[in-house]
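K.L.:
The following comprises the amino acid sequence and a computationally predicted model.
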Amino acid sequence: MLSPNQDEHARSKDPVKYGELVILGYNGSLPGGDKGRKRSRFALYRRAKANGVKPSTVHILSNPQDSKAVNSRGQHSISFTLSRNQTVVVEYCHDNDTDMFQIGRSTESPIDFVVTDTPGGSKESEDSSVAPSTISRFACRVVCERNPPYTARIYAAGFDSSKNIFLGEKATKWKNADGQMDGLTTNGVLVMHPQGFPEESKQGMWREISVCGDVYTLRETRSGPIRGQLAQGESSALQDGSLVDLCGATLLWRTAEGLLKAPTLRHLDALRLELNAARPQCPVGLSTLAFPSLPRSHSLEERQPWAYLACGHVHGRHDWGQRPERTRDREEGASGGTGGRRECPLCRTVGPYVPLWLGCEPAFYVDAGAPTHAFVPCGHVCSERTARYWAETPLPHGTHAFRPACPFCSAPLSGSPGFTRLIFQGPID
């Protein structure tokens, strides 16, 4: 018979997996590689010991410093500052039935998954390296039930190193009909639950999640002072394909069950080998093209396929069809493509001419179809159904705008439908 410690160790070898959070805009890993808590995807497993918390005692104070909950590092609490003379502090006690995972920009120990602004994502500034981050240091928390069906729920804000959440005097907050306090974070945590994901996917409405996990319609602007209407009957429970936006990065939630049905990296590589085995050729240089292996799919290679995105014809890299210099300089900015705008030698269509990159983050795929379509203007390649799903999914951008973007690099999609069917030329022999 196992001792308690041995039993725990035996269970931990095959722990229950709740699901994974995957950041949109990264093609399989962060540019510098995944390290520790800073990575492109984060798997949530049942903890050896429950660390969830639930509301318990409510204190109404004239001075927040009087509260033991605020000063004690051992007690989780949420403080709602109503005025200089009144603060409501809600103490939280241990919950044996849930596990809590915290997400945010901070690298402090309470954060399980460190998320920074995605380049080319929701920033309105041209230079995202100079622009201050809009992601909260303690952005949100996911609370998972330790027993079946292992429901995962999202809440705005996370507990800091002192185990506290502070909603200051200027924060949007209110008292619910049942007398409980609730509030919103500065830039908000938005959620979209699709219907029928991934087989018959239909986009849902974007909503805002409160600190206590209620669901509201969106504010007029991202950080507006007035909350939206309570979305009756809607839940903060995440489902396969749910999107969570932290105002600077968007996360995709995949359930453990959903990931089992999703294509694997090995499957995507098999599709790549199948494509290469057909020996597609460049119609101009008559050279054989080949997609590089997935781990090397971040740097240009000699046999890399390129495509004219306006028509979809696939070529190798060549200098045919260059636009006159003044025209090219004027058009290149609008194209968003590495190679600028060029004239296709097969059909004379003018448009972006860019290298093609295989999408190698399996979680973003809605099926296991062949890589036949490319996003415009970035050139990331995936299945038709996957391209169509993301092209029809508006993602938060800036303070109140929404637009579709490539899930593999966060480049905003241009034109309609935002992707193109690729036309490969087979070998002449």
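P.N.:
Looks like it came in fine. Numbers count the residues shown, from 1 in each chain.

K.L.:
use CA for all of it now, contacts and neighbours both
P.N.:
Will do.

K.L.:
Double-check that residue 266 belongs to a helix.
P.N.:
Yes: assessed by DSSP: H, G, I helix; E, B strand; the rest coil, residue 266 belongs to a helix.

K.L.:
Before we move on, what's the pLDDT of it?
P.N.:
Residue 266 carries a pLDDT value of 95.

K.L.:
now swap in residue 286 and tell me
P.N.:
84.

K.L.:
So it versus residue 354, what's the distance?
P.N.:
Distance, residue 286 to residue 354, using C-alpha to C-alpha, to the nearest Å: 18 Å.

K.L.:
again with residue 275
P.N.:
19 Å.

K.L.:
So which of the two has more stuff around it?
P.N.:
residue 354 (27 against 18; other C-alpha atoms under 10 Å).

K.L.:
name the helices or strands packed onto the strand or helix carrying the more buried one?
P.N.:
In the assignment (DSSP states H and E), residue 354 maps to strand 350-355. For strand 350-355, the packing partners by 3 or more C-alpha pairs under 8 Å, 6 or more residues apart in numbering; DSSP states H and E come out as strand 306-308, strand 341-343.

K.L.:
Recalculate using a threshold of 10 Å.
P.N.:
strand 306-308, strand 314-315, helix 325-335, strand 341-343 (3 or more C-alpha pairs under 10 Å, 6 or more residues apart in numbering; DSSP states H and E).

K.L.:
what residues are up against the residue nearest to residue 288 when sequence neighbours are not counted?
P.N.:
Leaving aside its sequence neighbours, residue 288 sits nearest to residue 281 (C-alpha to C-alpha, 6 or more residues apart in numbering; 4.5 Å). Contact analysis of residue 281 by C-alpha atoms under 10 Å, 6 or more residues apart in numbering lists 287-290, 303, 305, 314-316, 424-428.

K.L.:
Now list the buried members of these.
P.N.:
Among the contacts of residue 281, those that count as buried by neighbour count (16 or more other C-alpha atoms under 10 Å) are 287, 288, 289, 290, 303, 305, 314, 315, 316, 424, 425.

K.L.:
and the residues you listed as JSON lines, adding distance to residue 345?
P.N.:
Formatted as JSON lines, these follow (distance: C-alpha to C-alpha, whole Å):
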{"residue": "287", "distance to residue 345": "15"}
{"residue": "288", "distance to residue 345": "17"}
{"residue": "289", "distance to residue 345": "17"}
{"residue": "290", "distance to residue 345": "20"}
{"residue": "303", "distance to residue 345": "19"}
{"residue": "305", "distance to residue 345": "15"}
{"residue": "314", "distance to residue 345": "11"}
{"residue": "315", "distance to residue 345": "10"}
{"residue": "316", "distance to residue 345": "12"}
{"residue": "424", "distance to residue 345": "14"}
{"residue": "425", "distance to residue 345": "13"}
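
K.L.:
before we move on, back to that, give me the subset of the contacts of residue 281 that lies in strands.
P.N.:
Among the contacts of residue 281, DSSP state E puts 314, 315 in strands.

K.L.:
out of the contacts of residue 281, who's nearest residue 60?
P.N.:
residue 305 (65.4 Å; C-alpha to C-alpha).

K.L.:
where's that closest one relative to residue 284, distance?
P.N.:
Counting by C-alpha to C-alpha - residue 305 and residue 284 are separated by 12 Å.

K.L.:
quick one: contacts for the residue nearest to the spatial centre of the chain?
P.N.:
In the chain, the residue lying closest to the centroid (C-alpha atoms, centre = their mean) is residue 251, at 2.3 Å. Going by C-alpha under 10 Å, 6+ apart, residue 251 touches 20-25, 40-41, 115, 191, 241-245.

K.L.:
most surrounded residue in these?
P.N.:
Counting by other C-alpha under 10 Å, top hit in these: residue 23 with 30 neighbours.

K.L.:
As a check, name the ranges of all helices in this structure.
P.N.:
4-12, 68-71, 256-261, 265-277, 325-335, 384-391 (DSSP state H).

K.L.:
Which of those comes out lowest on mean pLDDT?
P.N.:
For the helices of the chain, where the average pLDDT is lowest is helix 4-12, sitting at a mean of 39.

K.L.:
what touches both of residue 305 and residue 284?
P.N.:
315, 316, 317.

K.L.:
which one among the residues you listed gets closest to residue 372?
P.N.:
Nearest member of the shared contacts of residue 305 and residue 284 to residue 372, counting by C-alpha to C-alpha, is residue 315, at 14.5 Å.

K.L.:
burial measure for the residue lying closest to the closest one once chain neighbours are set aside, as a count.
P.N.:
Sequence neighbours aside, residue 282 is the residue nearest to residue 315 in space, at 4.3 Å (criterion: C-alpha to C-alpha, 6+ apart). Other residues within reach of residue 282, judged by other C-alpha under 10 Å, total 24.

K.L.:
same check, this time on residue 318
P.N.:
With other C-alpha under 10 Å as criterion, residue 318 counts 11.

K.L.:
I'd like to know how far it sits from residue 289.
P.N.:
For residue 318 relative to residue 289 (C-alpha to C-alpha), the value is 12 Å.

K.L.:
Find the residues that touch each one of those two.
P.N.:
Contacts common to residue 318 and residue 289, judged by C-alpha under 10 Å, 6+ apart, are 282, 306.
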